[in-house]
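Peer 1: predicted model and sequence follow; I will ask about them next.
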Amino acid sequence: MSRESRTGPGVPPAAGSGPGAAAGVAARADAASPAGAAAPAPATGGGELPRRARVERQTRETRVVAAVDLDGTGRHRVATGVGFFDHMLVQIARHGLLDLELTVEGDLEVDPHHTVEDAGIALGQAIRQALGDGRGIRRYGHSYVPMDEALAFCAVDISGRPYLVFQAGFPRERVGAFDTELTEEFFRALAVHAGLTLHLRVEYGRNTHHMVEALFKAFARALDAAKSRDPRVTEVPSSKGTLL
């Protein structure tokens, strides 16, 4: 069954994924970057300064550490306790050409929901900080990604206006220990906290693993295009003069 949802201005996000859910966050843009790289300069998003950020988020349900280098090569250190979700996060690093550290200690004895959603919150916050003011970025990106019989599409606008359109229906409810409905929850949390307008769609497919993985890879490639620097752009790419 196909499913569509929209989250954005006027459309309340899921509980725990809105801006008010950031309580307990300690964000440090000058902390060590992922995968053991040297400590970066403060993230600004402009010129050729490093675009790195680190976020630590702790609640009664999870403790999350997320660090990104947007100009990385795909290095990663991921451990959430949910094997298939770890595999998906690696796709974001490898195909988004960003270095990623993401570790979660979550209440998996309940279920993976808090772990997956809070990972999206912290990763979104890290991406937003690393982008700085968005000066010089291309801003928009899109990608189609096939995986065997499945085809997924993603379009991204680093707009500062969080919005999610998610169109996907999966034949199976779980892949390993990962509930497939959490795909939408993860991307909603990430879009809200990174300030992304995000459209995701599975065009078709039969294998649930392939369909979910194609979505993550399409997102990674679209994000890579949107965050990349354009040498012709010296200002913030918006007629308003501000993005983030």
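Peer 2: That came through fine. Remember, predicted model here, so these are calculated numbers, not experimental data.
Peer 1: doesn't residue 146 make contact with residue 214?
Peer 2: Yes: assessed by C-beta atoms under 8 Å, residue 214 is found in contact with residue 146 at 6.8 Å. Placement of C-beta: from N, CA and C, glycine included.
Peer 1: A strand includes residue 124, no?
Peer 2: No: counting by DSSP: H, G, I helix; E, B strand; the rest coil, one finds residue 124 to be helix, located in no strand.
Peer 1: between residue 214 and residue 146, point out the one with more neighbours.
Peer 2: The residue with more neighbours, out of residue 214 and residue 146, is residue 214; 27 against 14, by other C-beta atoms under 10 Å.
Peer 1: flag the shaky bits of the chain, pLDDT-wise.
Peer 2: 1-47 (pLDDT under 70).
Peer 1: for residue 227, see how far away the residue most central in space within it is.
Peer 2: For the chain, residue 190 is the residue whose C-alpha lies nearest the centre (C-alpha atoms, centre = their mean; 4.7 Å). According to C-beta to C-beta, to the nearest Å, residue 190 and residue 227 sit 13 Å apart.
Peer 1: who touches both of these two?
Peer 2: Jointly contacting residue 190 and residue 227 under the rule C-beta atoms under 8 Å, 6 or more residues apart in numbering are residue 127.
Peer 1: related to what we said a few turns ago, contacting residues around the residue nearest to the centre of the chain?
Peer 2: Residues near residue 190 by C-beta under 8 Å, 6+ apart: 120-121, 123-124, 127, 196, 198.
Peer 1: my read is that residue 210 contacts residue 149, right?
Peer 2: Yes: assessed by C-beta under 8 Å, residue 210 is found in contact with residue 149 at 6.6 Å.
Peer 1: more neighbours: which of those two?
Peer 2: Higher neighbour count among residue 210 and residue 149: residue 210, with 19 against 12, using other C-beta under 10 Å.
Peer 1: the more buried one in helix, strand or coil?
Peer 2: helix.
Peer 1: check contacts around it.
Peer 2: 147-150.
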